[in-house]
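In: Quick check, what structure comes out for this input:
(2 chains)
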Amino acid sequence: MLRRLRSQKVQEIVTAYVFLVPAIIILGTFVIGPLIYAIYLSFFDYDILSPDTMRFIGLGNYREAFRDPVFIRSVINVFIYAAGVVPTQMVIALILALMVTSGIKGQNAFRVAYFIPTVTSSVVVCIMFLYIYSRDGILNHFLAWFGIPPQNWMENVYTALPSIMLMNVWSTVGQYMVIFTAGLNEIPDSYYEAAMVDGAGYWQRLRYITLPLLRPTTLFVSIMSVIGTLQLFDQAYLMTNGQGGPADSTMTVVLYIYKNAFGGYFRMGYASALATLLFLVILLLTYVQKRWFGEEVQY
Amino acid sequence: MRKRWVAILSVLLVATMVLTACGGSKDSGQSAGGEKVTLRLTGWASSPAETEILNKLLEGFHEKYPDITVKYEPVNADYDKKIQADAVAGTMADVFYMDVLWAPDWIDKGLAIPLDDYIAAEGVNLDDFEPSLLKGFQHGGKTYGLPKGYSTLGLFYNKEMLEAAGVSVPTTWDELREAARALTKDGVMGLAISADHARFVPFIYMNGGKLFNEDKTEAYFNSPEAVAAAEFYVGLVTKDKVAATPKALGAEWAGDALAKGKAAMVLEGHWMIPFLQEAAPNLKYGVAELPAGPKGKSNFVFTVAYAVSKDSKHPDAAFKLVNYLTSEEAQRQQIRLGLELPSRIAVASDPFFDGKEDRQALIAGVKYAQPFQYTKNQAPYVDEFQKALERMILENADPKTELDKVQAKFEEIMKK
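Out: Numbering: from 1, shown residues only, chains lettered A, B, ... in the order given. Model (predicted):
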């Protein structure tokens, strides 16, 4: 009896692994394998075009990273970027979500409208915003009504990064709105009914029911948003012709990694080291956020 | 029993997935025996017109060499990244475009093979090519590519604006500044200049400076001549206020500023001619040689060569293609398309250029031009150079301090 049970269990495990094989092969080949290999490469001086010159240099790449002014600048840039974008994005996404779940007329139309930027290709969004931000663009026309002289948004070291931040908020807020909407729909109506019976007003219901029960969603959104902003690449690349300019003001970590790996610097090992550092930073931040928002999560 | 079926089925499923993933694409078209050969040709297509003329030339090639079939595979963005990825994978096209800026790196990494034996076998006379172009693709006494065409920089100006302001075409730095000053009025800027090393470097040479020593082991980015050149170039924007960057004028690039009538003069190349035909067909413009500096004339020449890749299995056939595409008859066809100037000296005197003053000014520049080229591993310090110019022009940074940084970066890279 016992033996039969055991053999059945073994068989179940074998079957489970057989089912997992496709996922393991695909993830192993395209995700986990390259990840481990990148960490391995980060200890080498390595150029993909002349592999014969590959040379083990220990922590040399990491030591260089901490002295590299462009890398340091790029880290500062993405942190400024995250600090500006993440809270703004979350607050706006939450307000939009509250609006589109409040039962106002045509709420589906609003949902679609807010979500459209998210499904628009970022190339299209960037080209559109390049027009908006250009010297003769809509933004300067609009500001002219208030007597503000035209600015050269993308060619000014002080405004280039904030311009990309604004664009990013606009283009991704819809995605987080949808996630918040899903979270809001999960909160049972009975809580609100009970609170209303007790005489709680709108703000009280928001403060004591909606926000606490939305915590798992908020955690998810903040983690995704922080990861997304620290890994900023496409918009910085497209808005600045792949340069991160003017004068490194929009250089991001991933853009710098790309330049080192493929942009003519021929430094795959160094790029791998920078990627590993970024990975560690994101891992740490995700852990911290989980500790902050994660306590007393009620599912 | 049923479980076993499930297990067998899933194994089969996995097997099919793996097999379909691994099967397929095998390089075809290379039949053995050395009779019929298929070559791949890659490059970027600057316009549909370029693809069209290239296809026409390839038909002519196939008529001449019926055993060689050519597959043209244009790449329209991030060409250098694509080439590098192909090089790593060992799947480079037989014949590829090699930009003069990238040539030192690509030759150093062995992407292009030396062509000297094939040049001798086909009887190509290298003296027929413009020497300042060919120089960019030669290294250690060997030739790695044949230039397909080129462009230098010229001073493109709006004729009507110059006439209205009573200004003659500037031929020296001082005249350039004064002309720009006279032209800066009524919302028009005298000159649109980019914070771009590809426009600035000739000014260093015009001022008696240079970038490198003969074997390119030393650089002189922060020489007094270079600093003074930067002070002049940047000063046109920051001090004299007679020039502005294209973006500050609401244009995408300098050529766009001229087309939109926002700048009276720009420093651009041959690519302006087809661009202006499209963007501003009614604009009356002229082209002059770049104004001479205190120590004479200089220019930058932008050129691209056809090269044969390390992965080519038929380098002799590939060189036949290179030779055909850079031949005199091919170039006589290509110049009529108006995309670039011919790399062969004989073709530059083709009747097509008679009376075309705009192109003549650009052709004149090639005689004293420097190739648009630095050294191998140039990208990190050229990026620094680019940023230095941006800081000087956009933030009014001190030229000496900024060029010192470029020099330091160069020395750091060269030490590695």
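
In: can we go C-alpha only for contacts and neighbour counts from here?
Out: Noted.

In: what's the closest non-adjacent residue to residue 181?
Out: No chain in the question, so chain A it is. Distances taken as C-alpha to C-alpha, 6 or more residues apart in numbering or on different chains place residue A:97 nearest to residue A:181, at 5.1 Å, with adjacent residues excluded.

In: I was thinking of chain B, sorry if that wasn't clear
Out: Residue B:181's closest residue in space is residue B:242 (C-alpha to C-alpha, 6+ apart), at 5.2 Å.

In: Could you report the neighbour count for the one you found?
Out: Residues contacting residue B:242 under the criterion other C-alpha atoms under 10 Å in any protein chain shown number 25.

In: So which residues of the stretch 251-400 of chain B form strands?
Out: B:263-269, B:285-288, B:299-308, B:369-371 (DSSP state E, counting those that start in this stretch).

In: Name the residue closest to the centre of chain B, please.
Out: A centroid search over chain B (C-alpha atoms, centre = their mean) returns residue B:302, at 4.3 Å, as the residue closest to the centre.

In: Could you list the residues of the stretch 151-299 of chain A in contact with chain B?
Out: Within the stretch 151-299 of chain A, the positions lying close to chain B (C-alpha under 8 Å from any C-alpha of the partner chain) are A:152, A:155, A:156, A:245, A:246, A:247, A:248, A:262, A:263, A:264, A:265, A:266.

In: for the last one, phi and psi?
Out: Spelled out, it's residue A:266. Residue A:266 adopts backbone torsions of phi 50, psi 40, taken as degrees, to the nearest 10.

In: And for the residue nearest to residue A:181, the neighbour number?
Out: Around residue A:97 there are 24 residues (other C-alpha under 10 Å).

In: these two touch, right, it and residue A:175?
Out: No: contact between residue A:97 and residue A:175 fails when scored by C-alpha atoms under 8 Å: they sit 10.4 Å apart.

In: So which residues on the stretch 1-150 of chain A come close to chain B?
Out: A:15, A:18, A:19, A:21, A:22, A:48, A:49, A:50, A:134, A:135, A:136.

In: Are any of these buried, and if so which?
Out: A:15, A:18, A:19, A:21, A:22, A:48, A:49, A:134, A:135, A:136 (16 or more other C-alpha atoms under 10 Å in any protein chain shown).

In: and which of those is nearest chain B?
Out: For those, the closest approach to chain B (C-alpha to the nearest C-alpha) belongs to residue A:135, at 4.4 Å.

In: Just give me the neighbour total for the closest residue to chain A within the stretch 201-350 of chain B.
Out: Per C-alpha to the nearest C-alpha, residue B:250 is where the stretch 201-350 of chain B lies closest to chain A, at 4.4 Å. Per other C-alpha under 10 Å, the neighbour tally for residue B:250 reads 19.

In: Same check on residue A:158?
Out: By other C-alpha under 10 Å, neighbour count at residue A:158 equals 13.

In: Confirm it sits in a strand?
Out: No: with DSSP: H, G, I helix; E, B strand; the rest coil as the criterion, residue A:158 is coil rather than part of a strand.

In: residue contacts, it?
Out: By C-alpha atoms under 8 Å, 6 or more residues apart in numbering or on different chains, the residues touching residue A:158 are residue A:249.

In: same question, residue A:184
Out: Counting by C-alpha under 8 Å, 6+ apart, residue A:184 has contacts A:97, A:98, A:101, A:210, A:214.

In: For the fourth one, which residues are in contact?
Out: Yep, that's residue A:210 we're talking about. Counting by C-alpha under 8 Å, 6+ apart, residue A:210 has contacts A:184, A:187.

In: Quick check: buried residues in stretch B:348-361?
Out: Counting neighbours by 16+ other C-alpha under 10 Å, stretch B:348-361 gives B:348, B:353, B:358, B:359, B:360, B:361 as buried.

In: okay, residue 278: pLDDT?
Out: Using chain A. Listed pLDDT for residue A:278 reads 92.

In: Switch to chain B, please.
Out: Per the predicted model, pLDDT is 84 at residue B:278.

In: Also the one 10 residues further on?
Out: Looking at residue B:288, its pLDDT is 91.

In: what about the helices in the stretch 1-150 of chain B?
Out: B:2-22, B:48-64, B:79-89, B:103-108, B:116-122, B:131-134 (DSSP state H, counting those that start in this stretch).

In: Can you point out the buried residues in the helix or strand the residue nearest to residue A:181 falls within?
Out: Residue A:97 is part of helix A:69-100, with elements assigned from DSSP states H and E. For helix A:69-100, the neighbour count (16+ other C-alpha under 10 Å) marks A:70-71, A:73-82, A:84-86, A:88-90, A:92-94, A:96-100 as buried.

In: now the very next helix or strand once past that helix against helix A:69-100, angle please.
Out: Later in the chain than helix A:69-100, the nearest helix or strand by DSSP H and E is helix A:107-119. With axes from the mean of the first three to the mean of the last three C-alpha atoms, to 10 degrees defining the directions, helix A:107-119 sits at 170 degrees from helix A:69-100.

In: Helix A:107-119: which residues count as buried?
Out: Neighbour-count burial for helix A:107-119 [16+ other C-alpha under 10 Å]: A:110, A:111, A:114, A:115, A:117, A:118.

In: Can you give me the separation between the fourth one and chain B?
Out: Computed with C-alpha to the nearest C-alpha, to the nearest Å, the distance linking residue A:115 and chain B is 29 Å.

In: correct me, but the residue nearest to residue B:181 touches residue B:190?
Out: Yes: judged on C-alpha under 8 Å, residue B:242 makes contact with residue B:190 at a distance of 5.5 Å.

In: end-to-end on stretch B:148-168?
Out: 35 Å (C-alpha to C-alpha, to the nearest Å).

In: tell me the average confidence for that stretch?
Out: Across stretch B:148-168, the per-residue pLDDT values average to 90.

In: Please, where are all the strands along chain A?
Out: With DSSP state E, the ranges of strands along chain A come out as A:44-45, A:55-56.
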